[in-house]
Every structure is written in C-alpha cells, then in structure tokens.
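[1] take this sequence and fold it.
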Amino acid sequence: MKLDFIPLSKLSISKTNMRFTKTATDVSDILPTVRRRGVIQPIIVRPNCAPDAYEIVAGSRRFHAALIVAEEKRAMGDADSEVAAIPCAILEDGDDADAVEASMIENMARRDADEVTQWESFTRLVKEGRKLGDIADTFGLPELTVRRVLALGNLLPRIRQMYARDDIDRATVRHLTLASKSQQKAWLALVDHEDAYAPTGSQLKGWLFGGQSVGTRHALFDIEASGLVTIADLFGDDRYFADADAFWDAQNAAIEARREDYLDEGWQGVVILSPNDYFSVWEHVKATKRKGGRIYVEVRATGEVTFHEGYLTRKEAERMAKGDPGGKGMKVARPEVTSTMATYIDLHRHAAVRAALTGFPAVALRLMVAHAIVGSPYWKVQADPQTSRNDLIAESIENAPGEADFDHMRRKALGLLGFGAEEPTLIGGNGDDYGVVGVFLTLLDLNDAQVMGIIAIVMGESLASGSAAVDAVGMHIGVDMADYWQADGAFFELLRDREILGHLVADVTDPTVAAANAQEKGKTLKAIVRDALDGTNGREKKDRWVPRWMLFPPAAYSARGGVGPVDAHARVVAAMAIHDAPQPDPDAPGSICPLPDEPEEGTQRLAA
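    Alright, predicted model coming up:
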C-alpha cells in the first residue's frame, strides 16, 4: 500500500466495506475529534472504475465525519473545504476478497480503550498542559467523565491493573479512589488473604468511612502522655480509642502544632482539608518552598492524616510558567486569621445558623435529606443491600412487582436531583462529586411534594429488611401483600416442612382436603397448593392468597416459633402498648411541668 491525501469528492463507500449501509451512519462519538484534529488514522481505499476515483474499503465513519466537518466549514465560508483531503492507504487494484479482508481486519481488531488506558493518555495530556475542557472537547466526553478517569491516579498500580482486567467493578474502583494509600494496602491484604473477605461496592464504602472506630496507629500525639483510654482487639494486634471525640480533640491539636511548625520552617501556606475533601495529585504539581509550594493536610474520618508537602494547584503552576503576576517566585500570603481564630469564627457562625434554622423547618428538612443522600462526618446512612446467597431468592426479588414499582419511582427521584438513571441507589454517596451543598441547593428548587417523594425513596432504601419498622409501617399504611406478591417457583422450592405444607393446603382449599392428604409426601402437598392457586386439575382457584407469614399483621401456622415477621410484630405490639398507656397526671405531686398551651415569647418561629 502507498499513502496519499485524497480529496473527499474523489471518495465513495465500497460495498465490500464491513460497515456499508444505505442509512445514515452515526459518527457522534468521533465527530468532536475530527472537528478538532481532522482524520488522523488513514482510511483504506482502492482504485475505482472512474478516473482518479477511489472506493473506501475501511474507514467509512471517518469519511462521513470528515464530510460533516467539510460542510460545516463551507457554511462558515471556508473555500478550502471544497477540496478537503484526508489521508488514505491505497490498496493494489485486486479482487473483492482482499478488500473484504482488509475491512474486517481493521474493524474487528479495533477495541475501545479501557479507563486505565484512558487514564494513562489523559495524564500525559495534563502534564503537557492540556486543560480538562480541552480534553473533554477533543474526545467528545463530559468533563465529569474526564475527572473520574483522572481520579484513577489516586490508586495503587496493582488496583489499576485489577480494574483493567475486570477483577473489580466500577463502583468498587470509584470508592477506592477516595481511599488513602494505607487503606488501599489494607484492602489488598484482604484480597490476598484466603480466609478474609474484601468488601466491594457499597460495602466497601462502609468499610472505608463507616463507624467511629479510630485506631491508635493514626495518632499524631503521644498516646501515653495524653491519658486517653485505648481498647485492644481480641488478638492484641490493633488498639482503638475508647472515646472518639477525645481522640479528635488531641489529633486536631497535633495537626495545628504541625501546621505552625511548617509555617515556621518557611512554607508559605498549610491547607487543612475537611474529611469530605480529598487531595487529588493530578490537580496539583510539585513546587519547592522557594517557589511558593504549600502543604496540604488530608484528614480522613478514620483518623488517618497525610501531609502532602510542596504542592501548588495546576493553575498556579501555569501562571508561574507564563510569568504572570503572582507567577514565578510568587509568595503566598499567610492566612489573615489563625486556625484558633478560624475555629472561633466557625463555632459562632454554626451556633447562629442552627438557631435561625429552627424558624425554617422546610429548609431544615431539605438539608436533612441532602445529608441522608450524600452523608457527612456525622451522617452514616446506608441502603439495605437486599442481598441473598440463594440465587432463587435474588431472582424472585428482582422480578417482584414491588421492586419494579419502587425502582420506577427511584428513577424519577434520581432525575429530579440530576443523578444518572443507572445509579443503583439514591443514597450512599451519589452526590459525592458535588457534596451536600449541591444536593441541598437542588432540593431548594423543588416543591414540597417533590421533596416528600424523594424522602419516601430515601427512607425506602434505608429501611432495614426484617425490622419491626417494616411491620409498623405496613400495618399503618394498610399494605395488601396480594398487590405485590404471588407464589412463584422460589416460594415452592423453599418449602420443606410437611406439617406447614398441610396448613397451607388447608389455607388454599379447606381443612378436610388437608386431613385427607395428611400422610402424603411434601411433593404431593405442594402440587395441591399449586393446583388451587392456578385453578387446575379440578381445584377451585384461590385468588389473592398470601401465606400468614407475609400478611400485615403476620401470623404463624404453629406454636413452634422461629417466624421473623411474627417476632417483629410482637415488638411493634409492645411499643404500641407503651405508646397508648395512660399518661401521668400532670398535676400530681412530683410530675414534670407541662409545656404551656401557647408558645412563650421567642418561640413563635419554632412553633410555626
């Protein structure tokens, strides 16, 4: 083959082309790149019967994209586009078999780059000075997608390799990009341990950020001198602080002391990140103390603190390279308030806002929902996993009418908040890219009915399966399980007890039928129940039947116990008895003073 630039007007699509079609070709994915860089990879052509004409064997999509760009340029008055040419590799003039083979080789050997390969390429572009917006425009990708790909730079190389091999999924990698290096190493240790379980997906997020157990290994202060109480695990390998709040008081004091030391050493600034913020290496460049580099202190909810020494933001580094004011040799001014004064200011602002918030319950409600969706250092909300090791159960739940109805409403809620419809849950950190504030501002734009609908989804996702709350809500609402359930294959497969099967036969037929078949095998009893529910084999059809265990309220078929819903219902009944018990006489001696009928002065807004 020889290479040459051939005008678009001299090219046509060969019928031997693997992508030959008479309909319009979708080139939306490559069009941004062709607009910006033109056709870079030569298309494969062969001479046509017309003079100086060629037919395209492979590369029709690049050709169509080039035609669109040429038309756009003509519309803008670019005369050169009339003779626009693209690089071509010219085959020898031969039979169709060679052309078809060339088309198949190019199209079938091509494979879209995985995210790890994209990260390697994007990282090189960033180092060369490309901005995120430029990369996004060049490849026709949302800027958020480019940011997420670049976040893979926070991962250890081995984890990136596991992701490239599809050993771990995208949700797991997304959470690992927020993990510190030591947390990533600890997670890999679980992966390598034959008897340990390495959490993935949403469980990984709980493992990384859940709970208040703070290990002593993260302390920056002298533990013995602090006098704080620590607790060892059963093996004595790890120790934890008994009082997490006391730990943070000591840890923050140590961080502040280190900050002052850095400033005394001549560093121009020390930035202490909140537990919700993470230091992304790709957004910063190394800078010496003399060139204005600063210290970034990354504080994790686990107690771990990492000091990133000598960095500037990439924008600051670009200004330095251009010699702009504030560029080369710039001095970063010290903050105008000390960290102690900053704490003073923050606490007073906090006190004022939460006092004023009592007068705006609608605002408080939206803020609460935002915290429940995104999470914060003080909010740990998790979705019920709805998991089962039994494949039959998992498939039954996946196909349940209730699950389909809830998923439909969840997708509506995701759309209202601007989240992707493919997100598996509403809660659990979907707002991580924007934070609590972003979700809160979105909720402020919604009306009360829309917010209440989102609250129902948040509560539904975080409602614990098998809890007494499920029974209490189902009874209060009046849930009719016949609207959401009917006997399926999994239900019959899980039935094992002949005594209970006899009770079910009595339920769907009558006690005489159950008595007559009392000695039959379980398989026969199941068949009777099936026939009654389907109305087959001469059985009268039993419509909308639900076993007692699943009703609201539930009941058992025997006195043997071991029915979870019945036990949960007993707890609801006990709570209702306490709730409905007569209240003490407020006028009786020693009783607590009642609240006034009318709010006193200063409480009007709270009452409103």
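[2] quick check: residue 41 is in a strand.
    No. Looking at residue 41 with DSSP: H, G, I helix; E, B strand; the rest coil, it is coil, so not inside a strand.
[3] that one touches residue 63, doesn't it?
    No. Residue 41 lies out of contact with residue 63 (C-beta atoms under 8 Å); the separation is 11.8 Å. For every residue, glycine as well, the C-beta is placed using N, CA and C.
[4] per-residue confidence at the nearest residue to residue 44 once chain neighbours are set aside?
    Nearest non-adjacent residue to residue 44, counting by C-beta to C-beta, 6 or more residues apart in numbering: residue 58, 4.2 Å away. pLDDT, residue 58: 82.
[5] what about residue 58, neighbour count?
    Neighbour count for residue 58, taken as other C-beta atoms under 10 Å: 27.
[6] related to what we said a few turns ago, neighbour count for residue 41 and residue 63, which is higher?
    residue 63 (21 against 11).
[7] could you pull out the strands for this protein?
    Using DSSP state E, the strands found in the chain span residues 2-7, 11-13, 43-47, 54-58, 85-90, 230-232, 239-241, 270-272, 284-286, 294-299, 305-313.
[8] which helices and strands does the fourth one pack with?
    Under the contact criterion of 3 or more C-beta pairs under 8 Å, 6 or more residues apart in numbering; DSSP states H and E, strand 54-58 touches strand 11-13, strand 43-47, helix 96-109.
[9] parallel or antiparallel, list what pairs with the first one.
    Listed by DSSP bridges, the sheet partners of strand 11-13 and their directions read strand 54-58 (parallel).
[10] next, the angle strand 43-47 makes with the partner strand.
    Angle, strand 54-58 to strand 43-47, by axes from the mean of the first three to the mean of the last three C-alpha atoms, to 10 degrees: 140 degrees.
[11] so the residue nearest to residue 44 sits against residue 41, correct?
    No. Between residue 58 and residue 41 there is no contact under C-beta under 8 Å: 10.1 Å.
[12] show the pLDDT at the nearest residue to residue 538 once chain neighbours are set aside.
    In space, and not counting its chain neighbours, residue 538 is closest to residue 531: 7.7 Å by C-beta to C-beta, 6+ apart. The confidence metric pLDDT takes the value 94 at residue 531.
[13] quick check: the gap between residue 531 and residue 36.
    Computed as C-beta to C-beta, to the nearest Å, the residue 531 to residue 36 distance reads 68 Å.
[14] what about residue 512, how many residues close to it?
    Neighbours of residue 512 (other C-beta under 10 Å): 9.
[15] before we move on, what about residue 142?
    Taking other C-beta under 10 Å as the criterion, the count of residues near residue 142 is 9.
[16] which ones are touching it?
    Contacts for residue 142 (C-beta atoms under 8 Å, 6 or more residues apart in numbering) come out as residue 136.
[17] report the separation between it and residue 136.
    Using C-beta to C-beta, we find residue 142 at a distance of 6 Å from residue 136.
[18] same thing with residue 70?
    24 Å.
[19] who has more neighbours, the two?
    Neighbour comparison, residue 70 and residue 136: the larger count goes to residue 70, with 21 against 18 (by other C-beta under 10 Å).
[20] surely the more buried one is in contact with residue 8?
    Yes. Here residue 70 reaches residue 8: they are 6.0 Å apart, a contact under C-beta under 8 Å.
[21] shared neighbours of the two, which are they?
    residue 84.
[22] residue 42: neighbouring residues, count only.
    Counted with other C-beta under 10 Å, residue 42 comes out at 19.
[23] returning to that earlier point: the residue nearest to residue 538: what's it in contact with?
    Residues in contact with residue 531 (C-beta under 8 Å, 6+ apart) are 537, 538, 539.
[24] again, only using 10 Å
    508, 509, 537, 538, 539, 540, 541, 542 (C-beta atoms under 10 Å, 6 or more residues apart in numbering).
[25] could I get the buried residue list for stretch 156-166?
    Residues 159, 160, 162, 163 are the ones in stretch 156-166 that count as buried (16 or more other C-beta atoms under 10 Å).
[26] alpha carbons only: can I get that stretch in CSV?
    Provided in CSV are the C-alpha atoms of stretch 156-166 (Å, rounded to 0.1, in the frame of the first residue of the first chain):
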residue,chain,number,x,y,z
LEU,A,156,-2.1,1.9,43.7
PRO,A,157,-0.8,0.4,40.4
ARG,A,158,-2.0,-3.1,41.4
ILE,A,159,-5.6,-1.9,41.9
ARG,A,160,-5.5,-0.2,38.5
GLN,A,161,-4.3,-3.4,37.0
MET,A,162,-7.2,-5.3,38.7
TYR,A,163,-9.7,-2.8,37.2
ALA,A,164,-8.2,-3.1,33.8
ARG,A,165,-8.6,-6.9,34.0
ASP,A,166,-12.2,-6.5,35.2
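[27] which stretches of the stretch 1-150 of the chain aren't confidently modelled?
    Residues of the stretch 1-150 of the chain meeting the criterion pLDDT under 70: 1, 16-24, 78-83, 93-116, 121, 128, 138-141.
[28] buried ones in the longest helix along the chain?
    Ranked by residue count, the top helix of the chain under DSSP state H comes out as helix 244-264. Across helix 244-264, burial judged by 16+ other C-beta under 10 Å covers 244, 247, 248, 250, 251, 252, 254, 255, 256, 258, 259, 262.
[29] run through the neighbouring helices and strands of it.
    Packing partners of helix 244-264 (3 or more C-beta pairs under 10 Å, 6 or more residues apart in numbering; DSSP states H and E): helix 223-226, strand 239-241, strand 270-272, strand 294-299, strand 305-313, helix 339-357.
[30] angle of that helix against strand 294-299?
    Per the same axes, to 10 degrees, the angle that helix 244-264 makes with strand 294-299 is 170 degrees.
[31] hang on, the earlier thing: out of the strands of the chain, which one sits most buried?
    Most buried of these, by mean neighbour count (mean count of other C-beta atoms under 10 Å): strand 54-58, with a mean of 25.
[32] using CSV, list the CA coordinates for it.
    The C-alpha coordinates for strand 54-58 follow below in CSV (Å, rounded to 0.1, in the frame of the first residue of the first chain):
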residue,chain,number,x,y,z
TYR,A,54,-11.3,5.6,-5.1
GLU,A,55,-13.7,3.5,-3.0
ILE,A,56,-13.4,3.2,0.7
VAL,A,57,-12.7,-0.4,2.0
ALA,A,58,-12.3,0.5,5.7
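[33] related to what we said a few turns ago, common neighbours of residue 41 and residue 63, please.
    Listed as contacting both residue 41 and residue 63 by C-beta under 10 Å, 6+ apart are residue 86.
[34] could you pull up the mean pLDDT of the longest helix of the chain?
    Per-residue scores along helix 244-264 average to 89.
[35] swap in stretch 337-347?
    79.
[36] other residues contacting that stretch?
    Stretch 337-347 is contacted by residues 252, 255, 256, 259, 260, 270, 272, 335, 336 when judged by C-beta under 10 Å, 6+ apart.
[37] repeat the analysis, applying 8 Å as the threshold.
    With contacts defined as C-beta under 8 Å, 6+ apart, stretch 337-347 is touched by 256, 259, 272, 335.
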